[in-house]
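Chemist: Model the following, please.
(one chain, ligands or ions: 1)
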Amino acid sequence: MPQNLPLTRGKDHPILRAKSKNISTADIASEEIQTLIADMKKTMHHERGVGLAAPQIGENLRLFTVATKDGDKAFLNPKILWRSIGKEDGEEGCLSLPGWWGAVKRSKNVRMSYYDEKGKKHTIKAKGFFARVLQHEYDHIEGGLYIDRADEYHEE
Ligand code: ZN
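Modeler: Below you'll find the predicted structure:
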């Protein structure tokens, strides 16, 4: 059974601030990675997040999960191929910075490639809130946090 994982928290946490490493495509099917993905999906819902990146549970791997309208999805070794020049402001919070919120300007649309948990490669175009979530989670695997991009952030 999947289990809830403890979260790494704090704007200066060294794992949250490190650039994460790719997962070898040969390792995607491994029990270790499959268990990690299942645990991350469970943890994401337990913590009431719409996305969760591996550094947030203490692993510097290029992997995040997102609760989409089509169910929970895992994104492994994602690459942002294109970001629209058009941007919009949106309020963001983060499970790693509980109680804090900030307005962040993000591209309205992005194109991203990634491997799913079965090792299949996809290229998708995302817009609106989904595009925002992908950009937020992608920042995590680069060692970034939304507060780096926010004009201001405030406590709840
Ligand atoms: Zn976050």
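Chemist: check which helix or strand covers M44.
Modeler: helix 31-46 (DSSP states H and E).
Chemist: before we move on, what about H122?
Modeler: strand 121-127.
Chemist: so E152 touches G102, yeah?
Modeler: Yes: using C-beta atoms under 8 Å, E152 is in contact with G102, at 6.2 Å. Heads up, the C-betas are built off the backbone N, CA and C, glycines and all.
Chemist: Settle it for me: which of the two has more neighbours?
Modeler: G102 (19 against 8; other C-beta atoms under 10 Å).
Chemist: which residues touch the more buried one?
Modeler: Residues in contact with G102, defined by C-beta atoms under 8 Å, 6 or more residues apart in numbering, are E91, E92, G93, Y146, I147, A150, D151, E152, Y153, H154.
Chemist: All the helices of this structure, in order from the start?
Modeler: 31-46, 128-141 (DSSP state H).
Chemist: and the nearest residue to K73 once chain neighbours are set aside, how far is that from A26?
Modeler: When the adjacent residues along the chain are set aside, K73 lies closest to V66, with 5.5 Å between them (C-beta to C-beta, 6 or more residues apart in numbering). Distance, V66 to A26, by C-beta to C-beta, to the nearest Å: 24 Å.
Chemist: Sweet, I'm off.
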